[in-house]
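Novice: Sequence and predicted structure below; questions after.
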Amino acid sequence: MSTTTQPVPFLKGHGTENDFVIIPDPEGRLDLTPAAVARICDRRAGVGGDGVLRVVRSAAEPAARALAGEAEWFMDYRNADGSVAEMCGNGVRVFAHYLRHAGLVKDGTAAGGAGEWLPVATRAGVRRVRFAEGGDVVVDMGAARLPAGPEPAVTVAVGERSWPALQVDMGNPHAVAFVGDLGDAGRLFDPPAVAPATAFPAGVNVEFVVDRGPRHVALRVHERGSGETRSCGTGACAVAVAAARRGGLDPARDGEPAVHTVDVPGGRLVVTEFPNGTITLTGPAVLVAEGTLEPALLG
């Protein structure tokens, strides 16, 4: 990859107000450094966003070449501070929406036809996406991974208060805590304290959750590398799994899907966990603007 002296096209999009700067780079020619990502995501001096979605062909990206036979396109997702993330459930919906908007997937095939699955390569593996009736986008998020055997005692703390947390891995790590009120999470600009520190050596996304009704929860989230965001797709899935187990539901045991409505500050998502372990995330994806980045912003 190399630096550029020419303006670079970009788009801005969001999924339940989890917002992203989309940078098309099909042939993998851009040198997108952590500092450049942080400048782009700066809400005062840059475009502003919770992260960057670089759109690159899997065959052109060393991190994704092994997946090129399964998925033509790779979602290179970076957090707002420039750090690399494995997956983003809201981001992959926006990514797929952009591919269709740009004509980069073929109509009437498994790569883009309505109701059919589009494979997208991510650092957490291939995720399948389809476009549902009414404009929503559905993502096959794979299966959640829970601690094997007795769960290590993990707690999250805000100020003097602390809560037990369930560890759920959705391709990226989550600590889910059920609280009495979403205000208990306090100011989530800085990461909540998580103990023991060894539980998440690469950092963790922390969700604070309250009940809204039967199979209906609401959350606030601190995303590692981004701070509090308006939504987190993998977090919504982790919360739904945690809520199901807390309520005595286990689709693999029960033989019935568990469907949860998850309210996030930026809207509403629907998470379904199937008996085979597969989890789907359903919600909107919106493109709001496009333009060009000045070369200086990319350094």
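Specialist: In hand now; what should we look at? Numbering: from 1, shown residues only.

Novice: hey, where'd the strands end up in the stretch 51-200 of the chain?
Specialist: Assignment of strands within the stretch 51-200 of the chain using DSSP state E, counting those that start in this stretch yields the ranges 51-57, 73-79, 118-122, 125-131, 137-143, 155-158, 161-164, 166-169, 173-178, 193-195.

Novice: closest one to residue 241 among those strands?
Specialist: strand 166-169 (5.4 Å; Cβ to Cβ). Heads up, the C-betas are built off the backbone N, CA and C, glycines and all.

Novice: just to revisit the earlier point, how about the strands of the stretch 51-200 of the chain in CSV, adding mean neighbour count, distance to residue 297 and mean pLDDT?
Specialist: Formatted as CSV, these follow (neighbours: other Cβ atoms under 10 Å; distance: least, Cβ to Cβ, whole Å; pLDDT from 0 to 100):
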stretch, mean neighbour count, distance to residue 297, mean pLDDT
strand 51-57, 22, 11, 98
strand 73-79, 25, 14, 97
strand 118-122, 24, 25, 97
strand 125-131, 21, 29, 96
strand 137-143, 22, 29, 97
strand 155-158, 18, 35, 96
strand 161-164, 15, 40, 96
strand 166-169, 21, 34, 96
strand 173-178, 25, 31, 97
strand 193-195, 16, 33, 96
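
Novice: Same list, those strands, but as TSV with distance to residue 271 please.
Specialist: Written out in TSV, the entries for these read as follows (distance: least, Cβ to Cβ, whole Å):
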stretch	distance to residue 271
strand 51-57	21
strand 73-79	20
strand 118-122	18
strand 125-131	14
strand 137-143	8
strand 155-158	21
strand 161-164	21
strand 166-169	12
strand 173-178	13
strand 193-195	23
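
Novice: Of those strands, give the one that comes closest to residue 45.
Specialist: Shortest separation from residue 45 across the strands of the stretch 51-200 of the chain is recorded for strand 51-57, at 15.0 Å, computed as Cβ to Cβ.

Novice: Would you mind pulling up the elements that that closest one packs against?
Specialist: With contacts defined as 3 or more Cβ pairs under 8 Å, 6 or more residues apart in numbering; DSSP states H and E, the secondary structure elements packing on strand 51-57 are strand 18-24, helix 34-41, strand 73-79, helix 89-101.

Novice: between the ones you listed, which gets nearest to residue 199?
Specialist: Nearest to residue 199 among the helices and strands packed on strand 51-57 is strand 73-79; the distance by Cβ to Cβ comes to 19.8 Å.

Novice: helices or strands up against that closest one?
Specialist: Under the contact definition 3+ Cβ pairs under 8 Å, 6+ apart, strand 73-79 sits against helix 34-41, strand 51-57, helix 89-101, strand 118-122.

Novice: List just the one of the strands of the stretch 51-200 of the chain that sits closest to residue 228.
Specialist: Here strand 155-158 is closest among the strands of the stretch 51-200 of the chain (Cβ to Cβ), at 12.1 Å.

Novice: Give me the distance between residue 34 and residue 78.
Specialist: As for residue 34, its distance to residue 78 is 7 Å (criterion: Cβ to Cβ, to the nearest Å).

Novice: now do residue 160
Specialist: According to Cβ to Cβ, residue 160 and residue 78 sit 35 Å apart.

Novice: for residue 182, same thing?
Specialist: From residue 182 across to residue 78, the span is 28 Å (Cβ to Cβ).

Novice: Centroid-nearest residue for this protein?
Specialist: Nearest to the mean C-alpha position of the chain, by Cα atoms, centre = their mean, lies residue 88 at 1.9 Å.

Novice: Now do the contacts for that one.
Specialist: The contact partners of residue 88, taken as Cβ atoms under 8 Å, 6 or more residues apart in numbering, are 18, 51, 53, 75, 77, 233, 234.
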